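Visitor: Just need the structure, nothing else, for what follows:
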Amino acid sequence: MTEPYRLTARQALALMQKGNLTVEDYAKSLLARIKARDDVVKAWAYLDPELVLTQARKLDLIPAEQRGPLHGVAIGVKDVILTKGTLSTLSRMILITGNI
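Guide: Now for the predicted structure:
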């Protein structure tokens, strides 16, 4: 299988929906790629890998019939607003949950 970080959102979703890829494994692959390349890319001012993995594990526990259409897809967000309980540093990784 292709490294999960190389997958498009559509490809990752298809694998997650079939049970061939967990949200946790997808997130681990993305985090490993960020760790390997961010010294050069410098896209992340702040990233909490443990929070991302905790979220991913919670998402994996949600039954397939309760998952939204983009369940588990990771996106990068520029956070230019204050976020309670989190350092606002203008970049963040989010794993999508619920029905969007």
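Visitor: residue closest to the middle of the protein?
Guide: Ala74 (3.1 Å; C-alpha atoms, centre = their mean).
Visitor: Could you check the pLDDT of that residue?
Guide: Looking at Ala74, its pLDDT stands at 90.
Visitor: correct me, but it touches Ser29?
Guide: No: Ala74 is beyond contact range of Ser29, at 9.7 Å (criterion: C-beta atoms under 8 Å). In short, each C-beta sits where N, CA and C put it, glycine included.
Visitor: ok so, going back, could you report the separation of the residue nearest to the centre of the chain from Gln66?
Guide: Per C-beta to C-beta, to the nearest Å, Ala74 is found 19 Å from Gln66.
Visitor: what does Ser29 give?
Guide: 24 Å.
Visitor: Comparing those two, which shows the higher neighbour count?
Guide: Ser29 (19 against 9; other C-beta atoms under 10 Å).
Visitor: Contacts only, for that one.
Guide: Going by C-beta atoms under 8 Å, 6 or more residues apart in numbering, Ser29 touches Glu3, Pro4, Tyr5.
Visitor: Not counting sequence-adjacent ones, nearest residue to the first one?
Guide: Pointing back at Glu3 there. Closest residue to Glu3 apart from its sequence neighbours, by C-beta to C-beta, 6 or more residues apart in numbering: Ser29 at 5.8 Å.
Visitor: Confirm the one you found sits in a helix?
Guide: Yes: counting by DSSP: H, G, I helix; E, B strand; the rest coil, one finds Ser29 located in a helix.
Visitor: Neighbour-wise, give me the winner out of the contacts of Ser29.
Guide: Neighbour count (other C-beta under 10 Å) singles out Pro4 as the most crowded of the contacts of Ser29, with 21 neighbours.
Visitor: so that one makes contact with Asp25?
Guide: Yes: counting by C-beta under 8 Å, Pro4 sits close enough to Asp25 to count as a contact (6.3 Å).
Visitor: Show me the helices in this protein, by range?
Guide: Secondary structure of the chain by DSSP state H: the helices cover 9-18, 23-41, 49-60.
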